[in-house]
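>>> Give the three-dimensional model of this entry:
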Amino acid sequence: MKVSYYPGCSLEGTATDYDLSVRAIHAAIGIELEELPDWSCCGSTAAHSINHRASIELAGRNVAIAEAVGLDVVIPCPLCFNRLKTAEKVLAGPEKEKYRVQVAGGRIKLYDLADFLARPDNLKNIESRVIHPLTDLKAVCYYGCQSSRPPKVTDAVNCENPMSMDYILRVLGADPIQWSFKTDCCGASHILPRPDVAFTMIEKLYKRATEAGAECFAVSCQMCQLNLDAYQTQINKELGTDYFLPVLYFTDLIGMALGLDETKKWFSKKFVDPEKLFAEAS
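Numbers count the residues shown, from 1 in each chain. The predicted structure follows:
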C-alpha cells in the first residue's frame, strides 16, 4: 500500500521524534509513505484567527497538491488534519469561487493518522507483526480537542469518545483504561501567554489519569504531547504535586510492540523518561 504523507511544520522541528516514529512504523508494516512535494504550512492556529481567506488557501494549497498526486493522505498532526479538512470542504463548497485555490473534493481521502492506522485492515496488519505485546501497560489514550471535533469538519462518528488509539493499543496487547477526559483541552498555545491557566488544565489531566489508574499517556497530538511532557516537573514544583506520567506518542508504542530498535531514540527525546516506567514494569 502507498499513501501520501503530510508531516506539517512541527514534525520538522519540536516533534522530530514523532516524524521518525511515523516513518519507521509504516515501513515496518509495509505501507509506503510518499511525502507531498513542496508542501507548506497549513496556517495552524494563527491564520484562521487573523485572516479567513488566507487560512483556507494555505491549507487548500496542500489539498490541491495531494489531489494532483492522487493518493490518500495521512496527517499525523490533528490541527493540520483539521485545517486541511476545513479547506477541502470550503473549496469544494458553494463559495469556492471566492478563493484562488481550487480543489475537486472527494477525489482523495484525508486521514487523521490514528484513524488511518485504526482501519480494520491496518489493525490486522499491525497485530500480525507484534513481537513484544504491551500486556502490562496501564495507559490512557488522550486525543485532545482537534482530531475529532467539530464533527462537521472531521466527519468523526463519535467525536466525544474517539477510539482509534484505544483500538490500536488493544492489538498491541494492552488494555487501555477508559476515562472521561480523553478530549479535554490541554491549554494548547495558551501555555505561552497564560501558563497559569494551562497548568491548571494540564494538572487536571494528570489527576484524572492517575485516579483512573494510568501510568502513562498515549497521545497523537504533538502540542498535547509537549504540554503534558515538557511542563510536568514545573507543574509538580509549582502546585506541590508528585506526578510521574510519561507522555508517549501512540506510534512510539507501536514501535515498541513491533520490536523496533529505534524506539529508545524516540524515548530519549521525552522530558519525562519512559525508560523508567518500562524498567519498573519488567
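>>> if I look at residue 53, how far off is residue 80?
Going from residue 53 to residue 80 by CB to CB, to the nearest Å gives 19 Å. Bear in mind the C-beta positions are built from the backbone N, C-alpha and C, glycine included.
>>> just residue 158 next, same as before
As judged by CB to CB, residue 158 and residue 80 stand 21 Å apart.
>>> okay, these two: which has more neighbours?
residue 80 (28 against 9; other CB atoms under 10 Å).
>>> Which residue ranges make up the domains of this structure?
What automatic domain parsing lists as the domains of the chain is 2-114, 131-281.
>>> who wins for proximity to residue 120 among the ones you listed?
Closest to residue 120 of the domains of the chain, according to CB to CB: domain 131-281, at 9.1 Å.
>>> List the neighbours of stretch 12-32 that are in contact with it.
Stretch 12-32 is touched from outside by 1-3, 5, 7, 11, 33, 76, 113, 122, 125-126, 129, 222, 225-226, 249, 251-252, 254-255, 258, 260, 262-263, 265-266, 269-270, with contacts defined as CB atoms under 8 Å, 6 or more residues apart in numbering.
>>> Which ones among these map onto strands?
Within the contacts of stretch 12-32, residues falling in strands by DSSP state E are 2, 3, 5, 33, 249.
>>> Turn the buried ones among those residues into a named ChimeraX selection, would you?
To isolate the buried members of the ones in strands among the contacts of stretch 12-32 in ChimeraX, using 16 or more other CB atoms under 10 Å:
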select :3,5,33,249
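>>> need the ones in strands among the contacts of stretch 12-32 in a markdown table with pLDDT, can you?
Formatted as a markdown table, the ones in strands among the contacts of stretch 12-32 follow (pLDDT from 0 to 100):
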| residue | pLDDT |
| --- | --- |
| 2 | 98 |
| 3 | 98 |
| 5 | 98 |
| 33 | 98 |
| 249 | 98 |
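>>> of the ones in strands among the contacts of stretch 12-32, closest to residue 65?
Among those, and counting by CB to CB, the member closest to residue 65 is residue 5, at 11.8 Å.
>>> Surely the closest one is in contact with residue 73?
Yes. Counting by CB atoms under 8 Å, residue 73 is a contact partner of residue 5 at 7.2 Å.
>>> Pull up the overlap in contacts between those two.
residue 36.
>>> Identify the nearest residue to the residue nearest in space to the middle of the chain in space, disregarding sequence-adjacent positions?
The chain has residue 220 as the residue nearest its centroid, 2.3 Å off, counting by CA atoms, centre = their mean. Residue nearest to residue 220 in three dimensions, not counting chain neighbours: residue 114, with 4.6 Å by CB to CB, 6 or more residues apart in numbering.
>>> Show the contacting residues for residue 276.
Applying CB under 8 Å, 6+ apart, the residues contacting residue 276 are 244, 246.
>>> Now it: which helix or strand?
helix 274-281 (DSSP states H and E).
>>> what about that helix, distance to the chain center?
23 Å (CA atoms, centre = their mean, to the nearest Å).
>>> Give me the mean pLDDT for it.
The average pLDDT within helix 274-281 is 79.
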